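In: what would the 3D arrangement of this be:
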Amino acid sequence: MNKLITILGPTASGKTALAAALAADTGAEIISGDSRQVYRRMDIGTGKDIADYVVDGRKVPYHLIDIAEPGTKYNLFQYQHDFLKAYDDITARGVLPILCGGTGLYIESVLKGYRLASVPENKTLRMSLEGKTLGELTAILIELKQRNGSNMHNTTDVDTAKRAIRAIEIETFNGENPTAAAMMPSIDSLVIGIDIEREERRRKISARLKSRLEEGMVDEIRALLDSGIPADDLIYYGLEYKIVAEYIIGKLSYDEMYGRLEIAIHQFAKRQMTWFRGMERRGINIHWINSTLSLDKKFEEIKQLMGGW
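Out: Residues are numbered from 1 along each chain as shown. Presented below is the predicted three-dimensional model:
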């Protein structure tokens, strides 16, 4: 059975820097497990931290970053297809892959071995849902998930009405086509989580937001709008792209934007940790490493785990 190291953690936990350093040390390559870093020209807002992939002057190879155009709706099915393509390429060359990211849904879909079917657009269903409030759509989605016995609930499904309608469309398809999903190949993964204390996480998130705004996150998102991407398409991506786009089109003041961003990112990190704890309840063994340890100490713990793997 092919092997995989998985490094996961909430936003601002330092997982990318650790994964890159480990890859440089072991000759591994990184596969991104982030649902938004797939998009080109969405660099600051998604926290790609490309500089982290250069370690001691050596560029660490990475995959599934900058593979889709902004404005498109990359989904879990596409991710699983692209993950397998990258994974097969890396392992065929005798190289160890490291899956690194914070999108629990994407990571769990790989580790649990399920592949979802590609879900076509259901125009009749969409027309029937037009005009419903976000609350009504959320209630429909919850009922469908309960009926289907689905436990892969992603809270970002109901960030906007458009997301909720797509989630209902997927859940309806899955209920009507229970045999459409195919198994992914089994992968033996050592799963490492970055354990960051809540207050330290909040401090790092606030500092990172300030830094990203200073680096030009607003200008990055304005350039996407100026290139012809509709504001609604950016709002669909949630978090930074939703709130900053609303500021640019005049719905929010700068101070309102900043305050909402800070609250939303803190809430997002909390949801990430909730998802990871849920993964543990669903049978995935996560080895948690203290974020405050030095890089050498983290390496020491990881290599001990690898020795018994």
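In: give the next helix or strand downstream of the lowest-mean-pLDDT helix or strand in the chain.
Out: Least confident element among the helices and strands of the chain, by mean pLDDT, DSSP states H and E: strand 182-183 (a mean of 54). Heading C-terminal from strand 182-183, the first helix or strand you meet, by DSSP states H and E, is strand 188-195.
In: who does the helix or strand where residue 209 lies touch, helix- and strand-wise?
Out: Residue 209 belongs to helix 198-215 when assigned by DSSP H and E. In terms of contacts (3 or more C-beta pairs under 8 Å, 6 or more residues apart in numbering; DSSP states H and E), helix 198-215 is packed against helix 254-281. Heads up, the C-betas are built off the backbone N, CA and C, glycines and all.
In: average pLDDT for the helix it packs on?
Out: For helix 254-281, mean pLDDT is 96.
In: next one: stretch 214-222
Out: The average of the pLDDT scores along stretch 214-222 is 97.
In: flag every buried residue along that stretch.
Out: Neighbour counts over stretch 214-222 (16 or more other C-beta atoms under 10 Å) mark 217, 218, 220, 221, 222 as buried.
In: go ahead and confirm the third one touches residue 45.
Out: Yes - distance between residue 220 and residue 45: 6.3 Å, which falls inside the contact criterion (C-beta atoms under 8 Å).
In: mind listing the residues bridging to residue 195?
Out: Counting by DSSP bridges, residue 195 forms beta bridges with residue 290.
In: low-confidence stretches in this protein?
Out: Residues of the chain meeting the criterion pLDDT under 70: 1, 115-117, 149-159, 178-184.
In: which residues in it form helices?
Out: For the chain, helices defined by DSSP state H occupy the ranges 15-26, 76-92, 104-111, 123-129, 134-148, 161-176, 198-215, 217-226, 231-236, 239-248, 254-281, 295-307.
In: can you list the helices and strands that the shortest one packs against?
Out: Meaning helix 231-236. By 3+ C-beta pairs under 8 Å, 6+ apart, helix 231-236 packs against helix 161-176, helix 217-226, helix 239-248.
In: contacts for that helix next, please.
Out: Outside helix 231-236, the residues that touch it by C-beta atoms under 8 Å, 6 or more residues apart in numbering are 70-71, 73, 160, 162-163, 221, 224-225, 241-242, 245-246, 248-249.
In: what does the third one give?
Out: Identification of contacts with helix 104-111 by C-beta under 8 Å, 6+ apart yields 4, 6, 8, 33-35, 76, 79-80, 83, 99, 101, 115-116, 152, 154, 184, 187, 189, 191, 272, 275-276, 278-279, 282, 284.
In: mind giving me the ChimeraX command for buried ones among these?
Out: The ChimeraX selection below is limited to those of these classed as buried (16+ other C-beta under 10 Å):
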select :4,6,8,33,34,35,76,79,80,83,99,101,115,116,152,154,184,187,189,191,272,275,276,279,284
